[in-house]
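Engineer: Next input, structure requested:
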Amino acid sequence: MDFTQALARFIGRSVEVFQTTQFIVGTLSGVSDGFFTVQTAPDAYSAGGQVTVLEVNTEFVRILPV
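Structural biologist: Numbers count the residues shown, from 1 in each chain. Model (predicted):
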């Protein structure tokens, strides 16, 4: 089992994605080979929406409790 296969089990869950240059909070909406997508909520700095995250740029992903 690789990273994307493990992450796919958590589609629909709230996640925190840590990258070297940014931090993304939202709902895991999809996983594909080499990347995954997170639906983010609007805040003071962005309109929110779908964010595509490359697996190679990801330090780690925290799956938040239900």
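Engineer: List phi and psi for Q50.
Structural biologist: Dihedral angles of Q50 (phi, psi; degrees, to the nearest 10) stand at phi -90, psi 130.
Engineer: now R62
Structural biologist: phi -100, psi 120.
Engineer: cool, and T40?
Structural biologist: According to degrees, to the nearest 10, T40 has phi -100, psi 150.
Engineer: Repeat that for the one 3 residues further on.
Structural biologist: Reported as degrees, to the nearest 10, the phi and psi values for D43 are phi -140, psi -170.
Engineer: end-to-end on stretch 21-38?
Structural biologist: In terms of C-alpha to C-alpha, to the nearest Å, the two terminal residues of stretch 21-38 are separated by 16 Å.
Engineer: List the buried residues of that stretch.
Structural biologist: 26-28, 31, 36-38 (16 or more other C-beta atoms under 10 Å). Placement of C-beta: from N, CA and C, glycine included.
Engineer: again with stretch 56-64
Structural biologist: Those would be 58, 61, for stretch 56-64 by 16+ other C-beta under 10 Å.
Engineer: ok now that stretch, how far from the chain's centre?
Structural biologist: 7 Å (C-alpha atoms, centre = their mean, to the nearest Å).
Engineer: what's the average pLDDT for it?
Structural biologist: The pLDDT scores in stretch 56-64 average 95.
Engineer: so where do the helices sit in the chain?
Structural biologist: Assigned by DSSP state H, the chain shows helices spanning 3-8.
Engineer: beta partners for the residue at minimal distance from the centre of it?
Structural biologist: The centroid of the chain falls nearest to V38 when counting by C-alpha atoms, centre = their mean (4.4 Å). Per DSSP bridges, the residues bridged to V38 are L28, V51.
Engineer: before we move on, what about S14?
Structural biologist: Beta bridges link S14 to T27, judged by DSSP bridges.
Engineer: wait, doesn't it sit right on G26?
Structural biologist: Yes: using C-beta atoms under 8 Å, S14 is in contact with G26, at 7.3 Å.
Engineer: With adjacent residues omitted, what lies nearest to E16?
Structural biologist: R62 (4.3 Å; C-beta to C-beta, 6 or more residues apart in numbering).
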